[in-house]
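Enquirer: Show me how the following folds:
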Amino acid sequence: MELIQSFSVDHTKIIPGIFTSRVDKLGKYCVTTYDIRLKRPNVEPAIDVSAMHSLEHILATFLRNDPEWKDEIVYWGPMGCLTGFYLILKGDRKPEALYDLILRAFKSVEEAQTVPGATAQNCGCFRMHNLEMAKWYAQEFVRYLEENAENGNIFEYPKTERLVTDDGQNFYDS
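Expert: Sure, this is the predicted structure:
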């Protein structure tokens, strides 16, 4: 079975940032998946699940209501490893073009008084939220983005190098 694209990223080298994960051409349309990485995989602890859930609600609400971007948003959701989020947008933009949007979105978490949609009618696990921890993680990521705004590495995905055998087969060590 072919290794999917997101598993070709060298997770031992990835740092927090805004990365293009994949670009899909769908006929005349194009959608791009971005990796919004808050934590260094396998180095930093994963984000607390209840805080991640609250971040998902707050940030999805912000993004889908942003006047400039709301018509471009296809999806916002957490990664299974709880180290970041996926953002899917219409079109194909460089990750640097999303910097201001992502920074504004994470700054907006500080202003949240409640978690949008955190009711039994609106959420599949409405009791699993932690607004204060969500604010802490958001502040941490805002600080990181601001401190690293000029660091091009926060926009460049580290790819895993694969040894190719003489007969053209990819070698994967386990």
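
Enquirer: In three-state terms, label the closest residue to residue 102 other than its chain neighbours for me.
Expert: Using C-beta to C-beta, 6 or more residues apart in numbering and skipping residues adjacent in sequence, the residue nearest residue 102 is residue 18, 5.7 Å away. Heads up, the C-betas are built off the backbone N, CA and C, glycines and all. Here residue 18 is recorded as strand under DSSP: H, G, I helix; E, B strand; the rest coil.

Enquirer: Residue 18 pairs with what?
Expert: Taking DSSP bridges, one obtains residue 36 as the residues bridged to residue 18.

Enquirer: Could you pull up the residues touching it?
Expert: Residue 18 sits next to 34, 35, 36, 37, 95, 96, 98, 99, 102, 154, 155 when contact means C-beta atoms under 8 Å, 6 or more residues apart in numbering.

Enquirer: again, only this time at 10 Å
Expert: 34-37, 84, 87, 94-99, 101-103, 145, 154-155 (C-beta atoms under 10 Å, 6 or more residues apart in numbering).

Enquirer: Are any of the residues you listed buried, and if so which?
Expert: If you count burial by 16 or more other C-beta atoms under 10 Å, the buried members of those come out as 34-37, 84, 87, 95, 98-99, 101-103, 145, 154-155.

Enquirer: hang on, residue 72 packs against residue 93?
Expert: Yes: contact criterion C-beta atoms under 10 Å: residue 72 and residue 93 qualify, at 8.8 Å.

Enquirer: Can you list the residue ranges for strands in the chain?
Expert: Under the criterion DSSP state E, strands of the chain are mapped to 17-26, 29-37, 73-78, 84-90, 163-164, 170-171.

Enquirer: Specify the angle between the second one and strand 73-78 in degrees.
Expert: In other words, strand 29-37. Angle between the axes of strand 29-37 and strand 73-78 is 30 degrees (criterion: axes from the mean of the first three to the mean of the last three C-alpha atoms, to 10 degrees).

Enquirer: other SSEs contacting strand 29-37?
Expert: With contacts defined as 3 or more C-beta pairs under 10 Å, 6 or more residues apart in numbering; DSSP states H and E, strand 29-37 has these neighbours: strand 17-26, strand 73-78, strand 84-90, helix 99-108.
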